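Asker: Coordinates only, no sequence provided:
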Ligand code: 2FM
Ligand code: ZN
């Protein structure tokens, strides 16, 4: 059995916090360690997600190129992972040239297979900045719940998505002026064309976590629609069509392709450039995406449709363990309010294993969990250091005393070669 394990690609415009680690990274890392201990054929893939409007907004604000922001955060994120011993087989980034090629090939195959079509749409346009205002370039009042500072396409307060032109009191985030509405052509992925395949595929996924499976069943019941996969911004992968000059691929179109391009990079790095194909083009590969619950729609619907619509066969996600969120002292973690524990700061004070222990034993697997410093102190002192530390200390002292400090290779519990799993009486030798 071959395993391809992925963790959601973190955006390269912010640091890593404990909520990210608890949701998408530590569970995958633990699973990969388990597989590797069992000599499984496994590749663990990640990288930074380097496109999208937040990165270009930050670059505009700092007066630098987006690549400067991307490189800064790529390094910070990679170092933070090292600090807590999360060890990918490859950690790439989606602004690297091979990823551009792979993403454009994906688009072209879907286009030639008639899964992508153009449509004229109405978008906000800032006459002062002379540009369309995609996604987070515009802010206003949510047309669904009335919350302020809602984004162009989605409201953080109620989570609903809506037609951008229905946003109330819109304001350009660059200059603060009210934008006008203007026609622009975009390209849409027709998910409706995958309805039958998707239903048949989901029908086999009775082992998925309920949150993911129910989410998908709901979407299928509502009926699949088309989704725009291009944007009028400069930072991104150019749409590979002569009539789509000045358009780039939507970040959520290219991001999951990063799982493949990172595997390609891994194969090149180990000197076997075609090796990635053994995994991605084998339908039997167990492709498992570890994500947070806000990423379900992209991994369980849009990404599988993108894979199904290719000309070559790709493995589809075998499982998508989506975790809930981790709160901090009873409140939602918030980057903008700086209500978070940042991994790079944490590891300056504590051993990374303390965080791994606390997040592993308090994982938001089926409901949101909470990080509290008091509980952290108690669990680390009580469980990790006293109970587990004491056990390890006794085991090592015991093996030193009776077995000259040597540990035999492990074996199969049901009749393996070393007899592991049998109970020894104190002082008895195997
Ligand atoms: O939500 C996020 O942080 C995204 N950057 C996850 C992308 S996952 C994958 F598809 F790349
Ligand atoms: Zn403006």
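Answerer: Received, thanks. Just so you know, these numbers come straight off a predicted model, no measurement behind them. Numbers count the residues shown, from 1 in each chain. Ligands and ions are numbered 1, 2, ... in the order given.

Asker: Tell me, how many residues neighbour residue 313?
Answerer: 12 (other Cβ atoms under 10 Å). Any C-beta I mention is one placed from the backbone N, CA and C, and that applies to glycine too.

Asker: Check whether it really touches residue 283, as I assumed.
Answerer: Yes - contact status for residue 313 versus residue 283: in contact at 5.9 Å, counting by Cβ atoms under 8 Å.

Asker: So for the longest helix along the chain, what gets flagged as buried?
Answerer: Longest helix in the chain, counting residues (DSSP state H): helix 66-83. Neighbour-count burial for helix 66-83, counted by 16 or more other Cβ atoms under 10 Å, picks out 66, 69, 70, 71, 73, 74, 76, 77, 78, 80, 81, 83.

Asker: mean confidence score for that helix?
Answerer: On average, the pLDDT along helix 66-83 is 98.

Asker: do the same with stretch 345-355
Answerer: Rounded mean pLDDT across stretch 345-355 is 97.

Asker: Mind listing residues that contact it?
Answerer: Here stretch 345-355 makes contact (Cβ atoms under 8 Å, 6 or more residues apart in numbering) with 18, 21, 80, 83, 84, 85, 343, 376, 380, 384.

Asker: In helices, which of the residues you listed fall?
Answerer: Going by DSSP H, the helices hold 18, 80, 83, 343, 376 from these.

Asker: In CSV, list the residues you listed along with distance to residue 115.
Answerer: Listed next are those as CSV, based on distance: Cβ to Cβ, whole Å:
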residue, distance to residue 115
18, 39
80, 37
83, 42
343, 39
376, 48
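
Asker: can you name the two of the contacts of stretch 345-355 that are farthest apart?
Answerer: Spatially, the most separated pair among those is 80 and 384, at 20.8 Å (Cβ to Cβ).

Asker: that older thread, turn the buried residues of helix 66-83 into TSV, including distance to ligand 2.
Answerer: Output for these, formatted as TSV (distance: Cβ to the ion, whole Å):
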residue	distance to ligand 2
66	18
69	20
70	24
71	27
73	26
74	29
76	30
77	31
78	35
80	34
81	37
83	40
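
Asker: how about these in JSON lines, adding distance to residue 183?
Answerer: Formatted as JSON lines, the buried residues of helix 66-83 follow (distance: Cβ to Cβ, whole Å):
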{"residue": "66", "distance to residue 183": "27"}
{"residue": "69", "distance to residue 183": "31"}
{"residue": "70", "distance to residue 183": "32"}
{"residue": "71", "distance to residue 183": "36"}
{"residue": "73", "distance to residue 183": "35"}
{"residue": "74", "distance to residue 183": "37"}
{"residue": "76", "distance to residue 183": "40"}
{"residue": "77", "distance to residue 183": "39"}
{"residue": "78", "distance to residue 183": "42"}
{"residue": "80", "distance to residue 183": "44"}
{"residue": "81", "distance to residue 183": "44"}
{"residue": "83", "distance to residue 183": "49"}
